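>>> Fold the following.
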Amino acid sequence: MTDLATYSRSGPVGTIVIDDGKANVMSLAMLNALHAAFDQAEKDKTVVILKARGKHFSGGFDLNVFAKGSAQDQYLMVKAGAELALRILSFPTPVVAACHGNAYPMGAFLIMSSDHRIAAEGDYRIGMNEVAIGLTVPRFAIEIARQRLTPAYFSRAVMTGEMFGPMEAVTAGFFDRLVPADALERSAEETAQALAALNMAAHAATKARARGALIKMIRAMIDEDITPQYGEDRVAKRASA
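A predicted model of the protein is given here:
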């Protein structure tokens, strides 16, 4: 596990902190670090708090990889991101996301995949701005958004790339609730402690039942869409632009 994402445990709660010292971009190294952190949380069977340090929750996928990276670099980064979102959707214990700053894709996908999503009040945005920067939204991300956002906001977020402040983002479905900025960490901890009282076998089985069709669909989309050929196609498109 690298310092890009750290894991610490306190009783039944495990906290994963995203921190690259900059914009918390979802590079392959960051995504691998997050997978390693979730590996430990799954081993410990903890309720997870996912949060970040710095100005941003996450700047999303590393755009430098899309602009300059090899086909392999692009394939591996997007694959790792999609797999992490799917993993959180199906994680056997509850995942609490605590957001204090800007959350661009892929950060927004991780928040929408979590079970309980808390936003701090503040001047920041969350959304899916792919179409504004020349990217087609991946199918796995569209389905993650579809299962959390209200229909009207789903269209605005996915098809027009609109970004939302935290208050409106609660209405849209990106978050479950809004708290004062200085209460975010306490609220996340209290929520995680309360969720730790659940019967985890029942929680995992119910999550699998409730999200089973979605998980199966996204699994198939990842396997079909995000292949080495995906990276080759992106590089070819970039070269012809």
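>>> Check the offset of the host helix or strand of A141 from the chain's centre.
If you go by DSSP states H and E, A141 is part of helix 139-146. Centroid displacement of helix 139-146 relative to its chain, using C-alpha atoms, centre = their mean, to the nearest Å, is 11 Å.
>>> next one: stretch 214-232
Taking mean C-alpha positions (C-alpha atoms, centre = their mean), stretch 214-232 and its chain are 17 Å apart.
>>> could you dump that stretch to PDB, C-alpha only?
Below are the C-alpha coordinates for stretch 214-232, written out as PDB (Å, rounded to 0.1, in the frame of the first residue of the first chain):
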ATOM      1  CA  LEU A 214     -26.900  -4.000 -11.700                       C
ATOM      2  CA  ILE A 215     -23.700  -5.700 -10.500                       C
ATOM      3  CA  LYS A 216     -24.100  -8.400 -13.200                       C
ATOM      4  CA  MET A 217     -24.800  -5.700 -15.900                       C
ATOM      5  CA  ILE A 218     -21.800  -3.600 -14.900                       C
ATOM      6  CA  ARG A 219     -19.500  -6.700 -14.700                       C
ATOM      7  CA  ALA A 220     -20.500  -7.600 -18.300                       C
ATOM      8  CA  MET A 221     -20.000  -4.000 -19.500                       C
ATOM      9  CA  ILE A 222     -16.500  -3.800 -18.000                       C
ATOM     10  CA  ASP A 223     -15.500  -7.200 -19.600                       C
ATOM     11  CA  GLU A 224     -16.900  -6.200 -23.000                       C
ATOM     12  CA  ASP A 225     -15.900  -2.500 -23.100                       C
ATOM     13  CA  ILE A 226     -12.700  -2.100 -21.200                       C
ATOM     14  CA  THR A 227     -10.200  -4.400 -23.000                       C
ATOM     15  CA  PRO A 228      -6.800  -3.700 -24.400                       C
ATOM     16  CA  GLN A 229      -8.500  -2.800 -27.600                       C
ATOM     17  CA  TYR A 230     -10.200   0.100 -25.700                       C
ATOM     18  CA  GLY A 231      -6.800   1.600 -25.200                       C
ATOM     19  CA  GLU A 232      -5.800   1.000 -28.800                       C
END
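>>> returning to that earlier point: contacts for the helix or strand that comes right after the helix holding A141, please.
Next in sequence after helix 139-146, counting helices and strands by DSSP H and E, comes helix 151-160. By C-beta atoms under 8 Å, 6 or more residues apart in numbering, the surrounding residues in contact with helix 151-160 are 127-128, 131, 137, 142, 145-146, 149, 162, 164, 171-173. For glycine as for every other residue, the C-beta is placed from the backbone atoms N, C-alpha and C.
>>> From those, keep the buried residues only.
Neighbour-count burial (16 or more other C-beta atoms under 10 Å) is assigned, among these, to G127, M128, V137, I142, A145, L149, E162, F164, A172, G173.
>>> Mark which of these are part of strands, please.
Counting by DSSP state E, the buried ones among the contacts of helix 151-160 place G127, F164 in strands.
>>> could you dump the buried ones among the contacts of helix 151-160 to a markdown table with distance to K45?
Output for these, formatted as a markdown table (distance: C-beta to C-beta, whole Å):
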| residue | distance to K45 |
| --- | --- |
| G127 | 33 |
| M128 | 32 |
| V137 | 34 |
| I142 | 32 |
| A145 | 29 |
| L149 | 30 |
| E162 | 38 |
| F164 | 34 |
| A172 | 32 |
| G173 | 29 |
